[in-house]
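Q: I would like to see how this sequence folds:
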Amino acid sequence: MRCPHCGSLDDRVIDSRSLANGEAIRRRRECVSCGLRFTSYERIEEKPLMVVKRDGRREPFERSKIERGLIRALEKRPVSQMSIENFINEIEDEAAQLAKASNELASEAIGNMVLRRLYNLDKVAYIRFASVYRKYETADEFLKEIESLGKGGLAEN
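A: Predicted structure coming up:
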């Protein structure tokens, strides 16, 4: 595995973990040359999970899109990078399980998975993500979401 920092091909595996019910392996590696630690993933190559968008288009599932949204929502919040990584792995695993038969999943289902987990992880990040995901048209819709948080419940869209 090539080091993303120095380009060396000499590394050692520090830790390996099975993900997605044994369908993937996460490996923590350390470059012998520069000491950088990085993560690699090994997955079985299968038919790609397709996401059905609101307008009916289909596109391949992209882990990076969830990561970008989470990083924005969790900006300046006390959540570690490792927690974010685990969060994304859980979403990816759940999405794969739900779409097992058809290899397709509605984008709303993925968004709701993220919201449900964010609600339990960080309420501020939940509101940030929900404000973009649910595309509030008015301040009243936004306030209704915040009020439902105060009552201890997830607002349904």
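Q: Give me the nearest residue to the residue of the chain positioned farthest from its centre, chain neighbours excluded.
A: Ranked by distance from the centre of the chain (CA atoms, centre = their mean), the top residue is S33, with 31.1 Å. Counting by CB to CB, 6 or more residues apart in numbering, the nearest residue to S33 once its immediate chain neighbours are dropped is S8, at 3.9 Å. For the C-beta atoms, the positions are set from N, CA and C on the backbone; glycine is no exception.
Q: ok, the residue farthest from the centre of the chain touching C3?
A: Yes. Judged on CB atoms under 8 Å, S33 makes contact with C3 at a distance of 6.7 Å.
Q: circling back to that earlier point, and the residue nearest to S33, what does it touch?
A: S8 is in contact with 2, 31-34, counting by CB atoms under 8 Å, 6 or more residues apart in numbering.
Q: do the same with M50
A: Neighbour list for M50: 58-61, 99, 103-105 [criterion: CB under 8 Å, 6+ apart].
Q: Nearest to S40 among those?
A: For S40, the nearest member of the contacts of M50 is F61. The distance, counting by CB to CB, is 19.3 Å.
Q: I figured the closest one hits L98, correct?
A: No. Using CB under 8 Å, F61 is not in contact with L98, being 11.3 Å away.
Q: quick revisit: among the contacts of M50, name the buried ones.
A: Buried subset of the contacts of M50 (neighbour count, 16 or more other CB atoms under 10 Å): 61, 99, 105.
Q: of all the residues you listed, which comes closest to L49?
A: Using CB to CB, F61 is the member of those that lies nearest L49, at 4.0 Å.
Q: Skip the chain neighbours and tell me the closest residue to that closest one.
A: Closest residue to F61 apart from its sequence neighbours, by CB to CB, 6+ apart: L49 at 4.0 Å.
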